[in-house]
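> what's the 3D shape of this:
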Amino acid sequence: METKLEKDVRFLKIYAVAATLVIAVLLLTAFNVSKNKKFDEIDVERINVVAKDGSLRMVISNSERQHPGISGGKIIQRTEPRPPGIIFFCENGDECGGLVYTATKTGDKIDAYGGLTFDQFKQDETLKLAYSQENGNRFAGLMIQDRPDIEEPEYSVLFDKARKLPPGPDRDAAMKPLLAPMRAFFGKTEKDEPVVVLNDRMGRMRIAMSVDASGQPKLAFYDEKGKVIQSFPSVN
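Coordinates of the predicted model:
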């Protein structure tokens, strides 16, 4: 007859064998599991790409769940939804650009916009590649803007303060250092003319090269008041 000691020994042997098998299976499974997941297809409304510390670096989203953006460390308050696409965020947490597109058609009316933008550090758009279509007019081009050296959130505070001033010299003087004049444009205007425009630091057009609807090329130079000082072919 089997004693209690013999039963305990037999139980321990069975337990040891079973535990060894379980550990072996777990180890083999762990070696075979890949850190990278592969999907043939995935439906998702929003994807947040984050750094190791969890801070946001990029958002891919539809319009309903699109990130409103962050400027100066604060969430931007928006009254209307943003287009679907990709929003980029830099190391300090602020939005630094994006790639968006939206298009709607109501009857014969088409309203479309697409843009790839890059922001100046702690500022707004300084480089933009954009397309828009509205009421039959199409516009597309590459734009370069000057942004002031005033960083967010100080810029927004100064801009709001200047904007609330009554129209006049004081308001103009307060707004002048906050403006973001366009310095260069290469694209096609709403008049269906391909153009290259170079502006001065005040945003005043100084050189314009274009081809009009008839196919006639033009090159013009302007003074600071917008007057043509030289052109090819010459203007009589």
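> going forward, measure contacts between C-alpha atoms and count neighbours the same way
Fine.
> can you name the element that comes right after the worst-scoring helix or strand of the chain on mean pLDDT?
Within the chain, no helix or strand scores below helix 4-32, which has a mean of 62 by mean pLDDT, DSSP states H and E. Downstream of helix 4-32, the first helix or strand assigned by DSSP states H and E is strand 46-50.
> chain neighbours aside, what residue packs nearest to the most centrally placed residue in the chain?
Geometric centre of the chain, nearest residue: G98, 1.2 Å, by CA atoms, centre = their mean. In this structure, G98 finds its nearest non-sequential neighbour in I87, 4.3 Å apart by CA to CA, 6 or more residues apart in numbering.
> what sits opposite the one you found in the beta ladder?
V59, G98 (DSSP bridges).
> low-confidence ranges, the chain, go.
Residue ranges of the chain with pLDDT under 70: 1-34, 235-236.
> how about the strands of it, start to end?
46-50, 56-61, 70-71, 74-75, 85-89, 95-106, 109-119, 125-134, 137-145, 182-188, 194-199, 205-211, 217-222, 228-232 (DSSP state E).
> what pairs with the first one, parallel or antiparallel?
If I follow you right, that is strand 46-50. strand 56-61 (antiparallel).
> so how far is the strand it pairs with off the chain centroid?
10 Å (CA atoms, centre = their mean, to the nearest Å).
> stretch 71-82 now?
13 Å.
> the chain should start at 14 in everything you say after this.
In the new count, where the first residue is 14, that last one comes out as stretch 84-95.
> can you check the distance spanned by it, start to finish?
This stretch, stretch 84-95, spans 15 Å end to end (CA to CA, to the nearest Å).
> enumerate the positions of that stretch that are buried.
Neighbour-count burial for stretch 84-95 flags S84, G85, R95 (criterion: 16 or more other CA atoms under 10 Å).
> got the residues you listed as TSV, with distance to K177 columns?
Output for these, formatted as TSV (distance: CA to CA, whole Å):
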residue	distance to K177
S84	21
G85	21
R95	26
